[in-house]
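# Sequence unavailable; structure follows:
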């Protein structure tokens, strides 16, 4: 919650430091989103979105909203759909934490990958556009965007493995047998050949609920890709395998899934994992990696770490969403899926 005085401070700061000469009518927190508190600003002119760091004790290196702002601002003239960025403020005295303000995008916010509010043809177009976005991310000119120092792609998996083991241990609330298996074996079997591939821009959390979808009679696509907190430079296939493993999640999990182990759901408009991968390969010119199952396992391990962080923030009183408990409880089944996938790879 942002206090009334801080809302006044925000309005004054905007008038003094930006081109947003607006009167703030209200500031209301979105119910969704587990990491960084996000608010809709209703003003005398139009709506905007404010995204801030959570308050309280935070894990080191987490909640990098400055990186979110930098990468989305850099992509403003690219083929990657991102909202317009207006300003970033690192002065915590204004509203009590760092924040940035961006465009409010009209559209549909979906969690269920089955896209029940869309017909089959609309689903096909949206899924196809998502593959296009990932293909663009794999081929954007990083230097032209000014992002050549945005990350270190060589050794990405090793660093990420060490990071998420550390993050998991810092937020651990119980012992999860499958997570211990992943912590022991994911570092042992990092494929050396992954660093041969040219680096690409990584979103880091490429899933449906980080997107705003546009729906009309002729156009069905992703209007905006949000939540770039985990973005960096990395080898290709990381985002794609993350998305693919998410589709393997069970339907009843609150984090959303198809529960079909990557197979085609007949007459659904939704492509199978192989179809998604084939389109990506055709559009990027890359070859299917022999370590695909490893990447699926790695992303299960990584996402289990993210979910465990949500569970710990709930205990610490820093959770950002009303369903934090249900989401955090999924760390164990996601880790179990990752262990099964890694055993298949081995």
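In hand now; what should we look at? Keep in mind that this is a model prediction, so the values were computed, not measured.
# C-alpha only now, for contacts and for neighbours.
OK.
# Run the chain-centre distance for stretch 189-208.
Chain-centre distance of stretch 189-208: 14 Å, with Cα atoms, centre = their mean, to the nearest Å.
# got the buried residues for it?
Neighbour-count burial for stretch 189-208 flags 190, 194-195, 199-208 (criterion: 16 or more other Cα atoms under 10 Å).
# which ones among those residues are found in strands?
200-202 (DSSP state E).
# Of the residues you listed, which is the nearest to residue 332?
Nearest to residue 332 among these, counting by Cα to Cα, is residue 202 at 25.6 Å.
# For the closest one, give the beta-bridge partners.
residue 232 (DSSP bridges).
# In this structure it contacts residue 227, no?
No: using Cα atoms under 8 Å as the test, residue 202 is too far from residue 227 to be in contact (11.9 Å).
# For residue 38, see how far away residue 91 is.
17 Å (Cα to Cα, to the nearest Å).
# Could you check which of the two is surrounded by more residues?
residue 38 (25 against 11; other Cα atoms under 10 Å).
# Pretty sure the more buried one sits against residue 50.
Yes: in this structure residue 38 lies within contact range of residue 50 using Cα under 8 Å: 5.7 Å.
# picking up where we left off before, for the ones in strands among the buried residues of stretch 189-208, give me a markdown table that also has pLDDT and distance to residue 252.
Below are those laid out as a markdown table (pLDDT from 0 to 100; distance: Cα to Cα, whole Å):
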| residue | pLDDT | distance to residue 252 |
| --- | --- | --- |
| 200 | 92 | 33 |
| 201 | 95 | 32 |
| 202 | 95 | 28 |
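# And the helices in the stretch 1-150 of the chain?
Taking DSSP state H, counting those that start in this stretch as the criterion, the stretch 1-150 of the chain carries its helices at 4-17, 65-74, 120-139.
# Which of those sits closest to residue 291?
helix 120-139 (17.9 Å).
# if we can go back for a sec, nearest to residue 157, of the helices of the stretch 1-150 of the chain?
Comparing the helices of the stretch 1-150 of the chain under Cα to Cα, the one sitting nearest is helix 120-139, at 16.8 Å.
# which helices and strands does that closest one pack with?
strand 200-202, strand 220-225, helix 273-284 (3 or more Cα pairs under 8 Å, 6 or more residues apart in numbering; DSSP states H and E).
# can we see that at 6 Å?
strand 220-225 (3 or more Cα pairs under 6 Å, 6 or more residues apart in numbering; DSSP states H and E).
# ok, the closest residue to residue 7 other than its chain neighbours to residue 14 distance?
Among residues not flanking residue 7 along the chain, residue 95 sits closest, at 6.9 Å (Cα to Cα, 6 or more residues apart in numbering). Distance, residue 95 to residue 14, using Cα to Cα: 12 Å.
# can you give me the strands for the stretch 201-346 of the chain?
Applying DSSP state E, counting those that start in this stretch to the stretch 201-346 of the chain gives strands spanning 211-215, 220-225, 232-234.
# if you compare the ones you listed, which one is most tucked away?
Mean neighbour count (mean count of other Cα atoms under 10 Å) peaks for strand 232-234 among the strands of the stretch 201-346 of the chain, with a mean of 24.
# in terms of contact, does residue 81 touch residue 221 like I think?
No: contact criterion Cα atoms under 6 Å: residue 81 and residue 221 do not qualify, at 9.6 Å.
# and the nearest residue to residue 74 once chain neighbours are set aside, how many neighbours does it have?
Nearest residue to residue 74, sequence neighbours excluded (Cα to Cα, 6+ apart): residue 145, at 5.7 Å. Neighbourhood size, residue 145 [other Cα under 10 Å]: 15.
# Likewise for residue 148?
Around residue 148 there are 15 residues (other Cα under 10 Å).
# ok, it to residue 199 distance?
10 Å.
# How is this protein divided into domains?
Domain ranges of the chain: 4-103, 120-345, per automatic domain parsing.
# Out of those, which gets nearest to residue 114?
Here domain 120-345 is closest among these (Cα to Cα), at 6.7 Å.
# Just list the residues touching residue 38, thanks.
29-30, 50-51 (Cα atoms under 6 Å, 6 or more residues apart in numbering).
# If we ignore the residues flanking it in sequence, what's nearest it?
residue 51 (4.4 Å).
# Quick check: the one you found touching residue 99?
Yes: applying Cα under 6 Å, one finds residue 51 in contact with residue 99, separated by 5.4 Å.
# one step back: would you list the strands of the stretch 201-346 of the chain in TSV and tack on mean pLDDT and distance to residue 107?
Below are the strands of the stretch 201-346 of the chain laid out as TSV (pLDDT from 0 to 100; distance: least, Cα to Cα, whole Å):
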stretch	mean pLDDT	distance to residue 107
strand 211-215	89	5
strand 220-225	92	7
strand 232-234	94	27
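# To residue 111, which of the ones you listed lies closest?
Per Cα to Cα, nearest to residue 111 of those: strand 211-215, 9.2 Å.
# Give the other helices and strands that the closest one contacts.
Counting by 3+ Cα pairs under 6 Å, 6+ apart, strand 211-215 packs on strand 220-225.
# pLDDT value on residue 254, please?
pLDDT for residue 254: 71.
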